[in-house]
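>>> okay, structure incoming, though there's no sequence with it:
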Ligand code: PEP
Ligand code: MN
């Protein structure tokens with residue numbers, strides 16, 4: 001249940017409401033909007049007697065949250081959540097573009113790509129240092145050295161960095177170097193890892209699992225939010241279907257559905273979604289048209305030599321064309 005306080009409710013009234021909730025054996029989370037405060041009542045499914053809160057001083061109304069995700073639900077917020085990253089706002093009207101290689105392969109490769117994507121209009125740099133590969137014999141990433149290279153690229157370009165963390169033990173290390181912790185599709189339901197990134201308080205980009213429903217994605221976000229970390233971005237990156245021609249099937253539906261169900265920003269990854277570079281720009285345009293708050297795109301200066309995901313990586317000049325196209329789409333829906 002959420003208790004929506006009246007605009008201008010006093011601190012004493014808010015305190016009285018939270019004290020009663022605690023006395024009833026539930027816990028609370030406060031959402032401070034610009035106009036009003038919302039008190040979220042979190043419990044174990046036991047019914048709450050709504051009427052006794054309805055009549056308290058300063059309370060405007062109480063609403064039950066019927067969805068299993070509570071903190072991620074729109075009911076729990078006074079508007080769209082936004083995330084500030086070194087001057088870039090994610091989740092506001094202008095769409096945000098993240099780009100970079102699938103993997104950090106070398107200092108030269110990453111620095112060259114970082115400058116190229118910045119030049120083309122990206123606002124955030126991506127690059128994997130810990131790589132979840134299907135084969136244990138494939139390139140696994142440069143680990144901490146990769147993180148150091150990413151930090152150097154941030155110094156040089158000013159672009160905040162998003163990079164994957166694959167295990168709870170890696171969280172303190174990755175937090176030292178990254179601005180946003182990426183949870184990969186394969187780890188979307190690694191609940192210990194979700195709790196650990198939640199406790200870190202660091203911004204998180206949570207990717208949808210290969211075989212996960214929209215509700216499961218939101219329940220995973222709930223794990224992070226339940227640790228008190230509100231800085232969560234959701235990412236639609238394609239799901240497995242019977243279609244074999246493309247690597248995955250981008251679930252365009254998920255974008256407007258997520259925007260309806262949750263206040264969290266929604267990012268789309270057209271690169272993993274389709275898996276072939278020739279279709280990445282078209283899928284990216286569709287994502288923005290569908291209401292995505294941003295994109296995350298793989299770019300490589302020499303895709304033929306990439307150590308991972310070369311087939312879906314765009315050369316910098318093709319990425320620049322994509323940026324121009326998606327900015328036009330964004331402008332046409334009032335999101336320049
Ligand atoms: C990636 O971003 O390179 C990646 C491995 O993504 P996903 O977890 O969505 O497969
Ligand atoms: Mn990749």
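Noted; the coordinates are in hand. All of these numbers come straight from a predicted model, not from anything done at the bench. Ligands and ions are numbered 1, 2, ... in the order given.

>>> so residue 153 versus residue 188, what's the distance?
27 Å (C-beta to C-beta, to the nearest Å). Placement of C-beta: from N, CA and C, glycine included.

>>> next: residue 262.
15 Å.

>>> between the two, which has more neighbouring residues?
residue 262 (28 against 24; other C-beta atoms under 10 Å).

>>> how close does the more buried one get to residue 67?
Applying C-beta to C-beta to residue 262 and residue 67 gives a distance of 9 Å.

>>> cool, residue 267 as well?
21 Å.

>>> repeat for residue 195
In terms of C-beta to C-beta, residue 195 sits 21 Å off from residue 67.

>>> and the closest residue to residue 37 other than its chain neighbours, what does it touch?
If the residues on either side of it in the chain are set aside, residue 37 comes closest to residue 5, at 4.5 Å by C-beta to C-beta, 6 or more residues apart in numbering. By C-beta atoms under 8 Å, 6 or more residues apart in numbering, the residues touching residue 5 are 13, 14, 17, 36, 37, 38, 39, 58, 59, 60.

>>> near ligand 1, which of the residues you listed show up?
Here nothing survives when these are matched to ligand 1 using C-beta under 6 Å from any ligand atom.

>>> quick check: neighbours shared by residue 262 and residue 67?
With C-beta under 8 Å, 6+ apart, residue 262 and residue 67 have common neighbours 73, 218.

>>> find the centremost residue of the protein, please.
residue 233 (1.8 Å; C-alpha atoms, centre = their mean).

>>> ramachandran angles for it?
With angles defined as degrees, to the nearest 10, residue 233 sits at phi -110, psi 140.

>>> now it: how far from residue 217?
When residue 233 is compared with residue 217 (using C-beta to C-beta), they lie 12 Å apart.

>>> do residue 173 as well
For residue 173, the distance to residue 217 - C-beta to C-beta - is 26 Å.

>>> of these two, give the one with the bigger neighbour count.
residue 217 (25 against 15).

>>> list the contacts of that one.
By C-beta under 8 Å, 6+ apart, the neighbours of residue 217 are 188, 206, 208, 209, 234, 254, 258.

>>> in this structure the first one contacts residue 204, no?
No - counting by C-beta atoms under 8 Å, residue 188 does not reach residue 204; the two are 11.4 Å apart.

>>> partner residues bridging the closest residue to residue 54 other than its chain neighbours?
Nearest non-adjacent residue to residue 54, counting by C-beta to C-beta, 6+ apart: residue 62, 5.4 Å away. Note on residue 62: beta-bridge partners residue 3, judged by DSSP bridges.

>>> for residue 62, what are its contacts?
Residue 62 neighbours (C-beta under 8 Å, 6+ apart): 1, 2, 3, 4, 50, 53, 54.

>>> do the same with residue 271
Contacts of residue 271 (C-beta under 8 Å, 6+ apart): 102, 280, 296, 297, 298, 309, 312, 313, 314.

>>> for the stretch 101-250 of the chain, what spans make up the strands?
124-126, 161-164, 180-183, 204-207, 232-236 (DSSP state E, counting those that start in this stretch).

>>> so which of those strands comes closest to residue 26?
Residue 26 sits nearest to strand 232-236 of all the strands of the stretch 101-250 of the chain, at 22.9 Å, using C-beta to C-beta.

>>> appreciated, that's everything.
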